[in-house]
Every structure is written in structure tokens, then in C-alpha cells.
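# Coordinates for the following, if possible.
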Amino acid sequence: MTESVPPHPFDDREALTWLRSQSGGRVTVSAAELGRLWGWNRMRTSRRLKSWEVAGLIRRNAEAIIVTTSVTPGVTDDMQAVTEPVGVTGVPNLKARRRSATLVRLAAFIVALALAGVSATFSIDGLTAIFAGAFWPVVIMGAVLEAGKLVAAAWLTEHWNSAPSLLRLVLVAMIGVLMGLNAIGVFGFLTRAHLDHMASIDLALADRTADIETHLAIQARTVADLDRRIAQIDTAIEESTRLGRPVGAMTIADQKRRERAEIMAQRQREAQALGSLQIEKAKIDAQRRRAEAEVGPLRYLAEVVGIPATDLERAVRLVTLALVAVLDPMAVALLLAAGVHTRREDPR
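The predicted structure is shown next:
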């Protein structure tokens, strides 16, 4: 053959184009000679020919190489994709790559819809709390706006290059506004959930604590009064004995014995009731600490970012803002990514 060595090595597209340019799409030449004509080494030439043959792009009969595909842009792109080196089994990577890309796009689409659904649910619930007087109209409006936002994002992905600039600008602005409204609704929903939870715990524990403390104070005074009465009886007996009047002391003791026994029995019952109230108060304190432990991670987060550990509401707001910042934008970004078709270059 009279062709000279090319000024630079061919890429796979150029090599396939060269084959098609031959008379009848057929050449009779060795792999080594083809490699010299294309600026390749023999190993690379053999690998490419083998992968093209397995993919059905060419046929080889002895030393003859026959191109079996027509020259179209789509075929050319597919040829470039299948020119990767084959594995040990000789199976081309095109189908695996296409299958992987399809699965990734499908997963991105499904996750985008899931995120959008969660975000829309939270947002609509939060907006109904803000506009409580029009519950169902707000629900319908929020659902339609969320659907419109996703459809607009998908439409822009497909028609970005062909759409008028003004229309692109308007749709992008509307998507941004809708994402902002979604963020407001989600923030309201999450904040309300946290405040309702903490308020219910505080209210329940505060009522029980006040009731227990009132009973504790009354019970403590009752026990103290009984102790005082018992002490008065014992003091009277001791005073009579100290003054040398044992007969009088015995008389007082006989008179007060039954009364003292009744007082002692009553004191024992009241002391047991007081102990039960103290145990109940300890249980309430434990429940309060357990409720505080639920926001323990927020306390640690506050300390890490330099917020006082006592200012938990500020930490809650930061976490809520972080969730709002990624929930709906991630759904839109994944939806856009699911519709993007990228052309991967073949590594040499």
C-alpha cells in the first residue's frame, strides 16, 4: 500500500473512518501494517480489531478486513464507545457501560422524585400551618406548584439550548422562587415539630412537678407537726423526771402513751407517703433528663460550632436550616442530572 505514516497517531474514530474510506470498505493488510499506517503499535491494533469484530463493526476473513456498518453519526459515536480494550473473555464494555449509565440515571430519577415528594409533603404541611384558614386550597396550590417546579426543571434540561433566552430566565427565576417557598414551608414544619414536642414534654412534666411539689410540702409539714407533738410529750416526761417527780412522769407517760402511739403510727404512715412522693418526684426528674437527652446530639453540635450548650434552640435552627438547604435543591439537582446525557471520551 502506498499510504505513508500519518503525522500523528490516529484515534479510534479516525481509524474506523480510514477503513470505511477504502474501496468497498475492504482492505487486505496485516495488523502490523495497519498499525504502521495508523501510527499504532501492533498490540493496540490487534486489540482494536478484535473488539470491533466482537461488536459486529467489522468482519475478518484471513487477512481481509471488511467494514460491516454504515457511516452515520450515531454509529460513529457507538463505535468510539466500543473501542475500549476488551477483557479476558472478549466481551465488549459498551453494553455494561450503557446498562450502568441507565441504572444510575434511573436511580437518580427515583431518588429525585422521593426527595421531591418528602420535601413537598413537609412544605405543604408547613404552609398549611401558616395559612391555617385555607387548608385545602393551600394543599392543592402547594402540590400543583411542586409539580410545576419539577416539570419546569425537566423541561429546561431537555430544551436548554433551543429555548428562548427570556423563557429560560423566567423559568429559572420561577424555580428559584418555588424552591424558596418550599424552604419556608419545610422550615416551618420542622420547627413546629420540634417546638410541639418540647412544649408537650414541658407542659406534662411541669404539671406533674407542680402537683408533686405541693403534696411534698404538705406532707413534709404534716410529718414535722407529728414530730413536734411527739417531742412535746417526750419533753414533758423528761422534765417531770428531771425535777424529781417520777410519779408525775409515770402519770404523764400513762396518759400520753396511747396518744403517743397513735401519733407515732400516724407519723409512720405519713413518712411512707412522703417517701412515695419523693420517689415520684425523682421519676419525673428522670423523665425530664431523658427528654433533655433526646436533644443531646444538638448540645454536642452546639459546643462544636461554638454555640453555648444552653442555647439549644439556636442549634436546632442551624440543623433545620441545613436540612432545608439540601432537601429540595438536592431533588431538583438529581432531576436535572437524570436528564443530562453526557458523551464520554474513550480512554486511550
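# any idea which helix or strand comes after the least confident helix or strand in the chain by mean pLDDT?
Using mean pLDDT, DSSP states H and E, helix 73-82 stands out as the lowest-scoring helix or strand of the chain, at a mean of 47. Next helix or strand after helix 73-82 toward the C-terminus (DSSP states H and E): helix 94-130.
# Which helix or strand lies directly C-terminal to that next one?
Using DSSP H and E, the helix or strand that follows helix 94-130 towards the C-terminus is helix 135-159.
# ok and the lengthiest helix in the chain relative to helix 94-130, angle-wise?
Among the elements of type helix in the chain, defined by DSSP state H, the one spanning the most residues is helix 165-242. Between the direction of helix 165-242 and that of helix 94-130, the angle (axes from the mean of the first three to the mean of the last three C-alpha atoms, to 10 degrees) works out to 60 degrees.
# Before we move on, what's the pLDDT of the nearest residue to G339 once chain neighbours are set aside?
Setting aside the residues directly before and after it, G339 is nearest to T157 in space (C-beta to C-beta, 6 or more residues apart in numbering), at 3.7 Å. Bear in mind the C-beta positions are built from the backbone N, C-alpha and C, glycine included. At T157 the predicted local confidence, pLDDT, stands at 84.
# burial count for T157?
The number of residues packed around T157, counting by other C-beta atoms under 10 Å, is 15.
# and what of the one 3 residues further on?
A count of nearby residues for W160, using other C-beta under 10 Å, gives 13.
# Quick one: residues contacting it.
Remark: with contacts taken as C-beta atoms under 8 Å, 6 or more residues apart in numbering, W160 is in contact with R168.
# Roughly how far does the residue nearest to G339 sit from E146?
Look at T157 and E146: by C-beta to C-beta, to the nearest Å, they are 17 Å apart.
# now do F131
Using C-beta to C-beta, which is the criterion applied here, F131 is 16 Å from E146.
# Please say which of those two ends up with more neighbours.
Residue environment comparison for F131 versus E146 gives the larger neighbour count to E146, 23 against 12, counting by other C-beta under 10 Å.
# right, and the more buried one touches A116 too?
Yes. Under the criterion of C-beta atoms under 8 Å, E146 makes contact with A116 at 6.7 Å.
# one step back: how near is the residue nearest to G339 to E262?
Distance from T157 to E262, counting by C-beta to C-beta: 89 Å.
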